[in-house]
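**Q** Turn this into a model:
(chains A and B)
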Amino acid sequence: MTGRSLHDALLTLLCDGPLRARLLTGDTSASGTLGREEWVMLRRVSSERLCRLARFLARHYYRERIVRLFRHVRTLAAHTGRDPLAVLTTPAGLASLDQSVLGTTASAERLVSLIEDSLIGSDAAIRRAIPYWRDLVRYHATMFRVEAGAPHSGGGRSEPPRRTPSTRILELDWDIPGVIADLRKGALPVPIANPTPTCLLVARSRHGRVTAVRCSQDIRVLVEAADGQRRVEELARSSGLSFEETEGLLRQLEEIGAIG
Amino acid sequence: MASSVSIGAFYNPHLAHETLAASDLIGHLAMADPPGQHDPAWPEIRDRFTLLLHDYLGQLSEPLDEEELGRARSLLDQYRSPWAAEHLQRIHRTASAVGDDDRPRLDYVFPPLYTEDLLADYAQNARLLREHLGVPLAVEPIPTYLHLDLPQMSEPEFLHRLCEQSGCHLLLDIVHTWLSARVAGRDPRSLLLQLPLERVIEIHVSGHAPDPDLEEPWIAPILPNTEILDLAELAAARAPGLRAITFDAFTPSLRPETLLAGMRMLRERFGQRA
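**A** Here you go, the predicted structure:
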């Protein structure tokens, strides 16, 4: 056992609620994941301090994501009385923190479902004042889910081009990018929006940056057709674009991580 | 303390207007994040203040790859920062041990173990980063909340050897030292005086508050109390290479009155009235 191997095991344990529970109950199967000597060493730490620290780290992990990825819902909190961060203090939210495996899709999904429920439950009064409220929540929840998706690996674009697994197409009834532009200006009271069918493409780049861009019909067809089977010429034909236009779009889509 | 020591703060973009208005109080700005795409104040901030690179550059227990080195260089050039800082932390596992997927990365500073093997790795990688950047590199130690029953060096010994082997400087966060002493059941002043204070180039000062998860005091972006200010003054008096003291409050919830009160408090304590 080295300092590095023990620290790796400690990080694994702090990030993995179910594994931590197995260690604390003396389940020796955890030693396979952590290493035998590391398991023995970690069995000796204060279980109380270990659990407190794990919850602290999980709270920071998800708090940062909620603040960043639900930013505009939070801007409206003074009007709605609903802050997604409040979930982290509820019994269900605390249980979610304690049982989470940081960085996994499943743990993110459990938490974002709680957040969605807390924001849109009994929200009739909010929707009367902010008719696009549910679309705004859907927008942020999608950003959260896309960021939590597995990162796509590899350097350049695959040939034939392939849509990345975390990429989502989001259909909304309201012009949420327009609302967000107003909220960014610090425009309060609540921005007014008109009902406008809006399609967004949400993708995560190789570096983990989540981007939402307006998705035209051409882009939508192209993204949906990019299944890793069709070559660029075929994608151009199916989307009705020239080869050059298709290449140009694919480069932009690759940059935001929609195509890998 | 040298009169040329700058008293400054972190750049909080939501307080850009107040920061610009208080440029007589704020001597420098530490940059924890790159400027945002939608930050209209950034050009003026960059022109008006000395900027200190304090972003996450990479985990120094691992070799920084070309991309990380390039990003560090780019940020340094953009800020024209006279030195760079990086936390002495370990927030993700060894990539090769987990199939090159090093997730998850903690989103919070977390200290390494103070063992010989990790010291060798930190010293080598910190030296390479310092040489790549061509400016002083300051490492900032992180308090240890969870102690493992493992033979390891003390924090002061690790820091002395790391600075000596890597040629790095020290960014001393006073609350971190206070917490390390508290958790270890030691007197903060005696722990502080064991650190390589001659390597300190920058000091961070903030407050602490009870944390509901840890159930004891932890770092908080609030005003320091008298004990923390006294410790900071003691450190500054023993740090001949000190060039900056920074009010360490970086959070979207920071209020302008706290930022300004923190700056006035530090100026008053360190004898530099605006």
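**Q** Any stretches of the stretch 101-250 of chain A with poor pLDDT?
**A** The model of the stretch 101-250 of chain A has pLDDT under 70 over residues A:151-156, A:186-188.
**Q** The same query, at a cut-off of 90, please.
**A** Applying pLDDT under 90 to the stretch 101-250 of chain A flags residues A:149-159, A:165-166, A:181-194, A:205-209, A:218, A:238-241.
**Q** Going along the chain, name the strands of it.
**A** A:168-174, A:195-204, A:210-214 (DSSP state E, counting those that start in this stretch).
**Q** Distance to chain B and mean neighbour count added to the ones you listed, as a markdown table?
**A** Any C-beta I mention is one placed from the backbone N, CA and C, and that applies to glycine too. Converted to a markdown table, the strands of the stretch 101-250 of chain A look like this (distance: least, C-beta to the nearest C-beta, whole Å; neighbours: other C-beta atoms under 10 Å in any protein chain shown):
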| stretch | distance to chain B | mean neighbour count |
| --- | --- | --- |
| strand A:168-174 | 20 | 17 |
| strand A:195-204 | 13 | 18 |
| strand A:210-214 | 11 | 17 |
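**Q** so can I have JSON lines of those strands showing distance to B:T246?
**A** JSON lines is the format used below for these (distance: least, C-beta to C-beta, whole Å):
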{"stretch": "strand A:168-174", "distance to B:T246": "41"}
{"stretch": "strand A:195-204", "distance to B:T246": "33"}
{"stretch": "strand A:210-214", "distance to B:T246": "31"}
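**Q** Chain neighbours aside, what residue packs nearest to A:E255?
**A** With sequence-adjacent residues excluded and distances taken as C-beta to C-beta, 6 or more residues apart in numbering or on different chains, A:E255 is closest to A:S205, at 7.2 Å.
**Q** How many residues are close by the one you found?
**A** 16 (other C-beta atoms under 10 Å in any protein chain shown).
**Q** Same check on B:D173?
**A** 25.
**Q** Assess the claim that it and B:D248 are in contact.
**A** Yes: with contact defined as C-beta atoms under 8 Å, B:D173 and B:D248 form a contacting pair (6.4 Å).
**Q** Overlap in contacts, the two.
**A** B:204, B:206 (C-beta atoms under 8 Å, 6 or more residues apart in numbering or on different chains).
**Q** can you give me the helices in the stretch 151-260 of chain A?
**A** For the stretch 151-260 of chain A, the helices defined by DSSP state H, counting those that start in this stretch occupy A:176-184, A:217-225, A:232-239, A:243-256.
**Q** could you dump those to CSV with mean neighbour count?
**A** Below are the helices of the stretch 151-260 of chain A laid out as CSV (neighbours: other C-beta atoms under 10 Å in any protein chain shown):
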stretch, mean neighbour count
helix A:176-184, 17
helix A:217-225, 17
helix A:232-239, 17
helix A:243-256, 16
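**Q** For B:Y145, which of these is the nearest?
**A** Closest to B:Y145 of those is helix A:176-184 (C-beta to C-beta; 37.4 Å).
**Q** beta partners of residue 202?
**A** No chain in the question, so chain A it is. Taking DSSP bridges as the rule, A:V202 bridges to A:R168, A:A212.
**Q** nope, chain B
**A** Beta-bridge partners, per DSSP bridges, of B:E202: B:L171, B:A244.
**Q** which helix is the longest one in the chain?
**A** Picking chain A for this. In chain A, with assignment by DSSP state H, the single longest helix is helix A:47-69.
**Q** my question was about chain B
**A** Per DSSP H, chain B has its longest helix at helix B:116-133.
**Q** Quick one: distance of it to the chain centre.
**A** 17 Å (C-alpha atoms, centre = their mean, to the nearest Å).
**Q** How about residues contacting it?
**A** In contact with helix B:116-133 (C-beta under 8 Å, 6+ apart) are residues A:2-4, A:7, B:57-58, B:60-64, B:69, B:72-73, B:76, B:84, B:86, B:88, B:90, B:112, B:136-137, B:139, B:153, B:158, B:161-162, B:165-168.
**Q** same question, stretch B:71-85
**A** By C-beta under 8 Å, 6+ apart, stretch B:71-85 touches B:30-31, B:34, B:46, B:50-55, B:57-58, B:64, B:129, B:132-133, B:135-140, B:169, B:171, B:201-202, B:243.
**Q** Spell out which residues of chain B are next to chain A.
**A** Applying C-beta under 8 Å from any C-beta of the partner chain, one finds that chain B approaches chain A through B:38, B:61, B:90-94, B:97-98, B:100-101, B:103-108, B:110, B:112-118, B:121, B:145-150, B:152, B:211, B:213-215, B:218, B:252.
**Q** Separate out the buried members of these.
**A** Buried members of the residues of chain B next to chain A, scored by 16 or more other C-beta atoms under 10 Å in any protein chain shown, are B:61, B:90-94, B:104-108, B:110, B:112-115, B:118, B:121, B:145-146, B:148, B:152, B:211, B:213-214, B:218.
**Q** The closest residue in space to A:G3 that isn't next to it in sequence: what's it in contact with?
**A** Nearest residue to A:G3, sequence neighbours excluded (C-beta to C-beta, 6+ apart): B:T115, at 2.7 Å. Shown in contact with B:T115 (C-beta under 8 Å, 6+ apart): A:2-4, A:6, B:150, B:152-153.
**Q** hmm, back to that, which one of the helices of the stretch 151-260 of chain A lies nearest to A:T142?
**A** helix A:176-184 (10.3 Å).
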